[in-house]
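S.K.: sequence first, then the predicted structure, then my questions.
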Amino acid sequence: MTGPFDTEQQASALPEVRAITALPPGTGQWKAASRGMLTEALAAAGVELGVYDWRILSWLAGWEDATCAVVAGWITRAAARDRKGGPR
C-alpha cells in the first residue's frame, strides 16, 4: 500500500484492490481479502492486536475495498516514516 490518495479512483486502481474486486461478489471473499490486506499492513508495521482490535479490524474489513486500502496505506506510510525516524 502506498499513497497518499487524492481520489477514490486512485485507491481503487491499486493492484491489491483490483484483485479483491476480481473475486466473486456475495461470497464473503471481498471482506476476507480486505481483512488480509489490513492484517498484512499491521503485521508489517509490527502492530500487536488484542481481541477487541481484531473485532474492529473485522468490522472495518466490511467497508469498501478502496477504504480498506486507504487505511492500510496510512499504516504502511506511518511505519515507513517511523523506520526512517521521520516527524510524527
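M.R.: Right, received. Where do you want to start?

S.K.: now the helices for the protein?
M.R.: Counting by DSSP state H, the chain has helices at residues 8-12, 15-21, 29-44, 51-60, 65-84.

S.K.: would you mind identifying the helix or strand in the chain with the lowest mean pLDDT?
M.R.: Lowest mean confidence among the helices and strands of the chain (mean pLDDT, DSSP states H and E): helix 65-84, at a mean of 92.

S.K.: who does that one touch, helix- and strand-wise?
M.R.: helix 8-12, helix 15-21, helix 29-44 (3 or more CB pairs under 8 Å, 6 or more residues apart in numbering; DSSP states H and E). (C-beta placed from N, C-alpha, C; glycine too.)

S.K.: quick one: list the elements packing against the shortest one.
M.R.: Helix 8-12 is packed against helix 15-21, helix 65-84, with contacts defined by 3+ CB pairs under 8 Å, 6+ apart.

S.K.: pick the most buried one from the ones you listed.
M.R.: Greatest average neighbour count among those goes to helix 65-84 (a mean of 18), per mean count of other CB atoms under 10 Å.

S.K.: residues contacting that helix, please?
M.R.: Residues outside helix 65-84 that contact it (CB atoms under 8 Å, 6 or more residues apart in numbering) are 1-5, 8, 11-12, 14, 16-17, 20-21, 30, 33-34, 37-38, 40-42, 44-47, 60-61, 87-88.

S.K.: and if you look at stretch 30-47?
M.R.: The set of residues external to stretch 30-47 that reach it, using CB under 8 Å, 6+ apart, is 1, 16, 19-21, 23, 49, 57-58, 60-63, 65, 68-69, 71-73, 75-76, 78-79, 82.

S.K.: going by neighbour count, list what's buried in that stretch.
M.R.: Neighbour counts over stretch 30-47 (16 or more other CB atoms under 10 Å) mark 30-31, 33-35, 37-39, 41-42, 45 as buried.

S.K.: please apply the same query to stretch 54-66.
M.R.: 57, 61, 64-66.

S.K.: start and end of that stretch, how far apart?
M.R.: End-to-end distance of stretch 54-66: 20 Å, with CA to CA, to the nearest Å as the criterion.

S.K.: how about the buried residues of stretch 30-47 in TSV, adding distance to residue 53?
M.R.: As requested, the buried residues of stretch 30-47 are exported to TSV (distance: CB to CB, whole Å):
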residue	distance to residue 53
30	21
31	17
33	19
34	16
35	12
37	16
38	11
39	11
41	13
42	9
45	13
